[in-house]
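Visitor: Just a sequence and a predicted model for now, questions to come.
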Amino acid sequence: MSTSDTISNLDAVFGRMAWLCSRREYCSAAVLEKLRQKGLDDKDAAAVLERLVRERYVDDARYARAFVRDKALLSGWGPRKISFALAAKGISREVVEEALEEVSPEDGEARMCQVLSAKWKSVSGKTLYERRTKLLRFALSRGYSYEAVLRFLDGYGKKDC
């Protein structure tokens, strides 16, 4: 295979990846994985990724902001679960912290209140303690802080969510 064939092939791969990245957000790690699945070696995959980043098809900060908005406001995830998920995708801690600032604490608390109120209706237990414990475990698995969940449990029924 000649050098021009390789460049032509990389241009075709870049075109396909640019098309995919223009349709939805991808992080750098996901793009690298897709490139490796297409059979590119690490050097060529890094070159294509670098070009995608340079031409702003891939932007980890933009991806993190979209991920945070989606998971916090639509899926009802807490900040801890979101930060763990982004860290697993290879997003730096600084970028994650900036993205988490996009969701206001009031919006996050309101969404937590909605999620936990809905869950409270389906939690069964013999005692109030057992129901509260189950809801607490659920909330912690969703990534909410222990303190915020306790505030919710202590104030549940006294205020509207």
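Guide: Yes, it's here.

Visitor: For this protein, which segments are assigned as strands?
Guide: Counting by DSSP state E, one finds no strands in the chain.

Visitor: quick check: longest helix of it.
Guide: Counting residues, the longest helix in the chain under DSSP state H turns out to be helix 3-23.

Visitor: chain center to it, what's the gap?
Guide: Averaging C-alpha positions (Cα atoms, centre = their mean, to the nearest Å) puts helix 3-23 27 Å from its chain's average.

Visitor: Quick one: list the elements packing against that helix.
Guide: Applying 3 or more Cβ pairs under 8 Å, 6 or more residues apart in numbering; DSSP states H and E, we find helix 3-23 packed against helix 28-37, helix 42-54. Heads up, the C-betas are built off the backbone N, CA and C, glycines and all.

Visitor: per the record, what domains does this structure have?
Guide: Domain segmentation of the chain under automatic domain parsing yields 3-58, 61-100, 105-155.

Visitor: how much does the lowest-mean-pLDDT helix or strand in the chain deviate in direction from helix 42-54?
Guide: For the chain, counting by mean pLDDT, DSSP states H and E, helix 3-23 ranks last in confidence among helices and strands (a mean of 82). Using axes from the mean of the first three to the mean of the last three Cα atoms, to 10 degrees, the inter-axis angle of helix 3-23 relative to helix 42-54 is 50 degrees.

Visitor: Not counting sequence-adjacent ones, nearest residue to the residue nearest the centre of the chain?
Guide: For the chain, Phe67 is the residue whose C-alpha lies nearest the centre (Cα atoms, centre = their mean; 4.0 Å). Among residues not flanking Phe67 along the chain, Leu86 sits closest, at 6.3 Å (Cβ to Cβ, 6 or more residues apart in numbering).

Visitor: can you check Tyr144 too?
Guide: Per Cβ to Cβ, 6+ apart, closest to Tyr144 is Gly78, 3.6 Å.

Visitor: quick revisit: pretty sure the residue nearest to Phe67 is touching Ala66, no?
Guide: No: using Cβ atoms under 8 Å, Leu86 is not in contact with Ala66; the gap is 11.0 Å.
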